[in-house]
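Colleague: Fold the stuff below for me.
(4 chains)
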Protein chains: 2
Amino acid sequence: MDILELESFLPYRLYRLADAVSHEFSKIYKHRHGLTRPEWRTLAGLGQRGTMTATALGEQSAMHKTKVSRAVAELERRRWLTRTPDENDRRIEHLTLTKAGLAAYREMVPLAKAFERELLARLGAEEQAAIVSGVAALEAKLTLG
Amino acid sequence: MDILELESFLPYRLYRLADAVSHEFSKIYKHRHGLTRPEWRTLAGLGQRGTMTATALGEQSAMHKTKVSRAVAELERRRWLTRTPDENDRRIEHLTLTKAGLAAYREMVPLAKAFERELLARLGAEEQAAIVSGVAALEAKLTLG
DNA sequence: TTTCAATGGTTACAAATGAAACCAATTTGG
DNA sequence: CCAAATTGGTTTCATTTGTAACCATTGAAA
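Modeller: This next block holds a predicted model:
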């Protein structure tokens, strides 16, 4: 009979791996500031780009618009970001980190980079190249977002 | 100022990629039988191994025990599996697919394999090797589960 | 034994999520 | 112009999920 070996099945392996890595990383922003993943991504997006609309945030960080909406509301509640209405289109609001938001972002960036560095450091040079280029190759073939 | 480029950040890329692949694949079992992911994994686990306890299922397929419990309950409701109490330890139940469950499994296996094949077929030979060995390398370095 | 800790599994509750409905503002096509 | 469709964003509701409490059974220790 034809069976499927789950442990070798790429979609499963990929998911499991991503889940483990993501969960490990989440400890950092969860522990440090009690952020959820959508909140962390919002912080990261705004920190990186400076100012964005909620829609742009959703596209950049692959989040459903309700997630963005809720994350933005929470970061606003914390006074980590402010909303500025668009001059020409009153539906749009431009989101920007406050001093406090930026401070949190500046604190998170080195931790994130260290995490990635240490993750890759566990691998040999060829293995590092393999995972990075393999992910890039698949990304390129899929319609992400 | 030091910024983090989210689009290049490996944990994020990995998660996004796995999510996209998994979501694409989920269409198959969702559309075909209206299964959730935990239910599909339960089916896959039992189809592959024949008989397992709920705990073993959770370990094999990286699922929280409440997920397993619920998935098993649903598959039982569908009469796709049966529970057999252990002779010596009355806490344990051995789970086995019924004819109907096995039929569904047999139908899913070729679809799953085709999905994986076609996913990899989009890549060149080296890219395929890269993603597979890259994932394997990271798996080996992480405590999965 | 009798008690206490551990194990297999389920359930209750709260939080996170997604789909769809929704509101407001804007654009488009007659 | 003006109705209809679109867009940015929020809210409601049902579903999914995880944490923790729980029940029953077994194992270990005293």
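
Colleague: Disregarding residues adjacent in the polypeptide, which is nearest to residue A:110?
Modeller: Leaving aside its chain neighbours, residue A:110 sits nearest to residue B:2 (7.0 Å; criterion: Cβ to Cβ, 6 or more residues apart in numbering or on different chains). From N, CA and C alone the C-beta is placed, and that goes for glycine too.

Colleague: separation between that neighbour and DNA strand C?
Modeller: Per Cβ to the nearest atom of the strand, to the nearest Å, residue B:2 is found 27 Å from DNA strand C.

Colleague: Distance from the chain centre to the helix or strand containing residue A:128, please.
Modeller: Using DSSP states H and E, residue A:128 sits within helix A:125-141. The chain centre lies 19 Å from the centre of helix A:125-141; the measure is Cα atoms, centre = their mean, to the nearest Å.

Colleague: what's the burial count for the residue nearest to residue A:110?
Modeller: 9 (other Cβ atoms under 10 Å in any protein chain shown).

Colleague: can you check the one 10 residues further on too?
Modeller: Neighbourhood size, residue B:12 [other Cβ under 10 Å]: 25.

Colleague: Tell me how many other residues surround the closest residue to it other than its chain neighbours.
Modeller: Excluding its sequence neighbours, the residue lying closest to residue B:12 (Cβ to Cβ, 6+ apart) is residue B:6, at 5.5 Å. Using other Cβ under 10 Å, residue B:6 is surrounded by 20 other residues.

Colleague: ok, now the one 3 residues further on?
Modeller: Counted with other Cβ under 10 Å, residues neighbouring residue B:9 total 19.

Colleague: Provide a list of residues in contact with it.
Modeller: Residue B:9 makes contacts with A:44, A:112, A:116, as judged by Cβ atoms under 8 Å, 6 or more residues apart in numbering or on different chains.

Colleague: So which bits of stretch A:56-64 are buried?
Modeller: A:56, A:57, A:58, A:60, A:61, A:62, A:63 (16 or more other Cβ atoms under 10 Å in any protein chain shown).

Colleague: most centrally placed residue in chain A?
Modeller: residue A:41 (4.1 Å; Cα atoms, centre = their mean).

Colleague: any idea which element it lies in?
Modeller: helix A:37-49.

Colleague: Could you check that helix against DNA strand D for contacts?
Modeller: No - using Cβ under 7 Å from any atom of the strand, helix A:37-49 never reaches DNA strand D; the gap is at least 10.8 Å.

Colleague: For that helix, buried residues please.
Modeller: A:37, A:38, A:39, A:40, A:41, A:42, A:43, A:44, A:45, A:46, A:47, A:48.

Colleague: wait, does the next helix-or-strand element following that helix contact chain B?
Modeller: Sequence-wise, the next helix or strand downstream of helix A:37-49 (DSSP H and E) is strand A:51-52. No - applying Cβ under 8 Å from any Cβ of the partner chain, one finds strand A:51-52 out of contact with chain B, separated by at least 11.6 Å.

Colleague: in its sheet, what does strand A:51-52 sit against?
Modeller: strand A:93-97 (antiparallel) (DSSP bridges).

Colleague: Just after the partner strand, pick out the following helix or strand.
Modeller: Once the chain leaves strand A:93-97, the next helix or strand it forms, by DSSP H and E, is helix A:99-121.

Colleague: how much distance is there from that next one to the middle of the chain?
Modeller: Relative to the centre of its chain, helix A:99-121 is centred 12 Å away, using Cα atoms, centre = their mean.

Colleague: what are the C-alpha coordinates of that helix, in CSV please?
Modeller: As requested, the backbone C-alpha atoms of helix A:99-121 are provided in CSV (Å, rounded to 0.1, in the frame of the first residue of the first chain):
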residue,chain,number,x,y,z
LYS,A,99,9.7,58.3,20.6
ALA,A,100,8.6,55.4,22.8
GLY,A,101,7.8,53.2,19.8
LEU,A,102,11.1,54.0,18.2
ALA,A,103,12.9,53.3,21.5
ALA,A,104,11.3,49.9,21.6
TYR,A,105,12.2,49.3,18.0
ARG,A,106,15.8,50.3,18.5
GLU,A,107,16.0,47.9,21.4
MET,A,108,14.5,45.0,19.4
VAL,A,109,16.6,45.3,16.3
PRO,A,110,19.9,44.1,17.7
LEU,A,111,18.1,41.2,19.5
ALA,A,112,16.5,40.2,16.2
LYS,A,113,19.7,40.3,14.3
ALA,A,114,21.5,38.4,17.0
PHE,A,115,18.9,35.8,16.9
GLU,A,116,19.2,35.3,13.2
ARG,A,117,23.0,35.3,13.4
GLU,A,118,23.0,32.7,16.1
LEU,A,119,20.5,30.6,14.3
LEU,A,120,22.7,30.5,11.2
ALA,A,121,25.8,30.1,13.2
